[in-house]
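Peer 1: Quick one, structure for this:
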Amino acid sequence: MRTLAIAVAALSLCACGGAPDAAPDTEQPATDSVSAPIINGHADTTDTNVVSMEIAYQDGSGYLCSGSVIGPYTLLTAGHCTNQFNPQTDFGLVILNSDTNVGIQKALYPDAGLNLVDGGVVEVRFLIANPTFRQQTGNQDWNDIGLAFTKQPMPGPYRMLNRYPLDRLTIYGAPVTEVGFGETSPDGGGVGLRRMVTKYDVKVRSPGELTSGDQAGLTCEGDSGGPALFTTPDGVVSVIGTTSRGDQQCAQSGIDTRVDAYLDFIFNNMVDAGDPPSCGADGRCGFNCTAPDPDCPCAPDGFCTSACTTPEADPDCPQSCLYNGGTCISQPSSTTTGSTTGSSSAVDAGSGKGGGCSSVGGSGSDLIWPLALAFGVAVLSRSRRR
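Peer 2: Numbers count the residues shown, from 1 in each chain. Below you'll find the model as predicted:
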């Protein structure tokens with residue numbers, strides 16, 4: 001078996017450059033520049049399904065991004081972290097540790113113990129960016145979302161994706177936690193440690209994006225692809241966005257790509273890669289199920305049944321839903337259309353199916369491929385933020 005140590009004397013992160021200066025009113029993405037941790041964030045040892053990804057190009061350049069493990073072989077990240085990878089000539093690792101350098105050391109020195117659960121590495125099989133991803137100017141959406149698929153399985157638990165249309169939720173003023181491995185200051189430093197910051201100023205920016213100001217802290221270089229986490233009405237902490245970009249100094253604003261706008265892209269590519277969530281109890285929420293998935297019975301799935309024990313959290317149910325024999329019956333005094341109430345868990349009621357509400361009145365092999373050149377990884381600017 002070939003080992004990483006064959007070609008690498010040291011595998012360390014470095015902030016080797018920044019993104020070009022942004023034009024006025026233009027946010028910079030995480031492109032070929034530096035990585036870094038969250039500004040004003042603090043160490044995060046609990047979100048083990050948020051990991052880092054390092055990519056090395058054939059010419060010796062590279063970058064670091066963040067991402068969420070959403071399946072045994074699937075990492076959700078940013079489009080600008082995935083759109084230039086050639087699996088024939090380039091090399092990538094996903095590091096399963098809160099400290100990227102510790103994960104790398106475990107790969108370089110397997111005698112020290114390569115424990116995937118505790119923070120080893122797995123090799124990238126291929127990357128795919130949303131085909132509509134574009135680095136735009138002005139206020140246009142970038143469609144900045146992508147996926148990494150690995151050769152070896154990653155341990156769970158897997159991070160749930162938000163299924164609720166964010167336009168129907170009250171996010172602003174509610175806690176949203178940003179997680180990533182980027183810089184702790186605009187000048188660099190701290191790259192490679194998982195950090196988090198909880199913000200209350202995240203809001204919907206457009207049909208495909210979220211935005212936030214400098215309240216509490218901001219993501220920065222290296223945080224690209226990391227999740228924005230929010231507790232959805234069913235009580236599940238879910239990924240509502242992935243870090244895309246922000247101002248060059250990581251001091252004014254940040255933009256995330258909305259997950260709910262790209263569920264088809266995510267699911268279809270997971271199917272193609274052989275890693276789709278099932279509709280059974282697998283710790284993930286299935287798509288196009290013929291009955292409520294036991295892992296997410298209250299998620300928007302077209303069903304309103306007693307599988308969801310909190311019908312007020314199910315957007316497929318009328319707002320005042322009483323179960324009778326497994327189906328939902330609306331109280332006469334209530335409306336069956338639903339509306340946003342201002343609560344962070346408020347959602348509009350949708351239509352049901354399958355006996356639901358609407359029918360009664362109201363979804364380590366060659367891990368060790370040599371990294372031909374020293375993996376001095378440039379943390380992609382959070383496009384700004386890679």
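
Peer 1: for the record, mean pLDDT for stretch 134-145?
Peer 2: Averaged over stretch 134-145, pLDDT sits at 90.

Peer 1: State whether Tyr63 is indeed within a strand.
Peer 2: Yes. Tyr63 forms part of a strand when assessed by DSSP: H, G, I helix; E, B strand; the rest coil.

Peer 1: just checking, it touches Ser52?
Peer 2: No. Checked against C-beta atoms under 8 Å, the pair Tyr63 and Ser52 is beyond contact range at 10.7 Å. Bear in mind the C-beta positions are built from the backbone N, C-alpha and C, glycine included.

Peer 1: More neighbours: which of these two?
Peer 2: Between Tyr63 and Ser52, counted using other C-beta atoms under 10 Å, Ser52 has the larger neighbour count: 37 against 30.

Peer 1: Give me the phi and psi angles of the more buried one.
Peer 2: Dihedral pair for Ser52: phi -110, psi 160, per degrees, to the nearest 10.

Peer 1: What of Leu193?
Peer 2: Dihedral angles for Leu193 - degrees, to the nearest 10 - are phi -110, psi 130.

Peer 1: can I assume it is in contact with Thr100?
Peer 2: Yes. Taking contacts as C-beta under 8 Å, Leu193 lies within contact range of Thr100: 7.4 Å.

Peer 1: And the two? Which one has more around it.
Peer 2: Thr100 (31 against 24).

Peer 1: Contact partners for that one?
Peer 2: Leu13, Ser52, Glu54, Leu64, Phe181, Val191, Gly192, Leu193 (C-beta atoms under 8 Å, 6 or more residues apart in numbering).

Peer 1: from these, which is closest to Ala228?
Peer 2: Phe181 (14.9 Å; C-beta to C-beta).

Peer 1: For that closest one, which non-adjacent residue is closest in space?
Peer 2: Ser52 (4.3 Å; C-beta to C-beta, 6 or more residues apart in numbering).

Peer 1: Can you tell me which of the contacts of Thr100 lies closest to Thr89?
Peer 2: The nearest one, if we look at the contacts of Thr100 relative to Thr89 and count by C-beta to C-beta, is Glu54, at 15.8 Å.

Peer 1: Does that closest one touch Leu93 like I think?
Peer 2: Yes. At 5.1 Å, Glu54 and Leu93 qualify as touching, with contact defined as C-beta under 8 Å.

Peer 1: re earlier: who touches both of Leu193 and Thr100?
Peer 2: Phe181.

Peer 1: thinking again about what came up before, which two from the contacts of Thr100 end up farthest apart in space?
Peer 2: Glu54 and Leu193 (14.1 Å).

Peer 1: Helices along the stretch 201-350 of the chain, start to end?
Peer 2: Secondary structure of the stretch 201-350 of the chain by DSSP state H, counting those that start in this stretch: the helices cover 263-272.

Peer 1: Any stretches of it with poor pLDDT?
Peer 2: 319-350 (pLDDT under 70).

Peer 1: what about the strands in it?
Peer 2: For the stretch 201-350 of the chain, the strands defined by DSSP state E, counting those that start in this stretch occupy 203-206, 209-212, 227-231, 237-246, 254-258, 321-324, 327-330.

Peer 1: Flag the shaky bits of the stretch 51-200 of the chain, pLDDT-wise.
Peer 2: Looking at the stretch 51-200 of the chain by pLDDT under 70, you get 104-119, 186-188.

Peer 1: Tell me how many other residues crowd the nearest residue to Ala56 once chain neighbours are set aside.
Peer 2: Closest residue in space to Ala56, ignoring its immediate chain neighbours: Gly62 at 4.1 Å, by C-beta to C-beta, 6+ apart. By other C-beta under 10 Å, 25 other residues sit near Gly62.

Peer 1: got it, and the one 5 residues further on?
Peer 2: Gly67: 31 surrounding residues under other C-beta under 10 Å.

Peer 1: same check, this time on the one 5 residues further on
Peer 2: A total of 17 residues lie near Pro72 under the criterion other C-beta under 10 Å.

Peer 1: quick one: the residue nearest to it when sequence neighbours are not counted from Gly71, how far?
Peer 2: Nearest residue to Pro72, sequence neighbours excluded (C-beta to C-beta, 6+ apart): Pro153, at 4.1 Å. With the distance defined as C-beta to C-beta, to the nearest Å, Pro153 ends up 9 Å from Gly71.

Peer 1: And for Gly283?
Peer 2: 9 Å.

Peer 1: List the residues that are in contact with both of the two.
Peer 2: Common contacts of Gly283 and Gly71, defined by C-beta under 8 Å, 6+ apart, comprise Tyr158.

Peer 1: Tell me which of the strands of the stretch 201-350 of the chain lies nearest to Gln135.
Peer 2: strand 237-246 (8.5 Å).

Peer 1: got the angle for that closest one vs strand 254-258?
Peer 2: Angle, strand 237-246 to strand 254-258, by axes from the mean of the first three to the mean of the last three C-alpha atoms, to 10 degrees: 130 degrees.

Peer 1: Show me the domain layout of this protein.
Peer 2: 1-298+365-386, 302-362 (automatic domain parsing).

Peer 1: distance of Thr305 from Thr132?
Peer 2: 35 Å.

Peer 1: Mind checking which of the two has more residues around it?
Peer 2: The residue with more neighbours, out of Thr305 and Thr132, is Thr305; 23 against 14, by other C-beta under 10 Å.

Peer 1: So that one sits against Pro292, correct?
Peer 2: Yes. With contact defined as C-beta under 8 Å, Thr305 reaches Pro292; the gap is 6.0 Å.

Peer 1: List the contacts of Ile70.
Peer 2: Asn49, Leu76, Tyr158, Arg159, Met160, Leu161, Val239, Ile266, Met270, Arg284.

Peer 1: Let me know the angle separating the helix or strand harbouring it from strand 237-246.
Peer 2: According to DSSP states H and E, Ile70 maps onto strand 62-71. Per the same axes, to 10 degrees, the angle that strand 62-71 makes with strand 237-246 is 160 degrees.
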